[in-house]
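Q: any chance you could fold what I've pasted below:
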Amino acid sequence: MKLARAIAVVGLACALAAIEARAAEPAPKDDGPSVVEGKVEKVDRAQGRVTLRDDDGKPHVFKASDETAAALKPGDRIQAKRREAKQ
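A: Have a look, this model is predicted:
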């Protein structure tokens with residue numbers, strides 16, 4: 001009887017530890033649509049960032065290469081694709 005109780009307590013402790021570990025994981029981040037179409041609002045060449053405002057008026061900031069940032073200017077209409085950032 002004591003063995004069964006000990007097994008139950010250990011099992012419960014493991015289950016609680018697994019739940020706590022799962023709760024500590026960050027939630028998946030929804031960064032919005034994978035493709036954004038809109039008008040370039042701002043180009044920050046120093047930071048390598050382009051701000052794009054979509055057709056709904058929502059701003060989206062993208063990291064841009066030096067070449068891309070140099071080629072864009074406010075008012076340009078573009079389509080930008082989201083992708084995983086390099087680590």
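
Q: what helices or strands is the top strand by length along the chain leaning on?
A: Secondary structure of the chain per DSSP state E: the longest strand is strand 35-44. Applying 3 or more C-beta pairs under 8 Å, 6 or more residues apart in numbering; DSSP states H and E, one finds that strand 35-44 makes contact with strand 49-54, strand 59-63, strand 77-81. Yep, even glycine has a C-beta here, placed from its N, CA and C like the rest.

Q: which of the ones you listed sits most buried?
A: Between these, strand 49-54 has the highest mean count of neighbours, a mean of 18, where neighbours are mean count of other C-beta atoms under 10 Å.

Q: any chance of the helices and strands packed on strand 35-44 in JSON lines, with distance to residue 42 too?
A: Shown next, in JSON lines, are the helices and strands packed on strand 35-44 (distance: least, C-beta to C-beta, whole Å):
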{"stretch": "strand 49-54", "distance to residue 42": "4"}
{"stretch": "strand 59-63", "distance to residue 42": "9"}
{"stretch": "strand 77-81", "distance to residue 42": "13"}
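
Q: quick one: closest of the ones you listed to residue 35.
A: With C-beta to C-beta as the criterion, residue 35 lies closest to strand 77-81 of the helices and strands packed on strand 35-44, at 5.3 Å.
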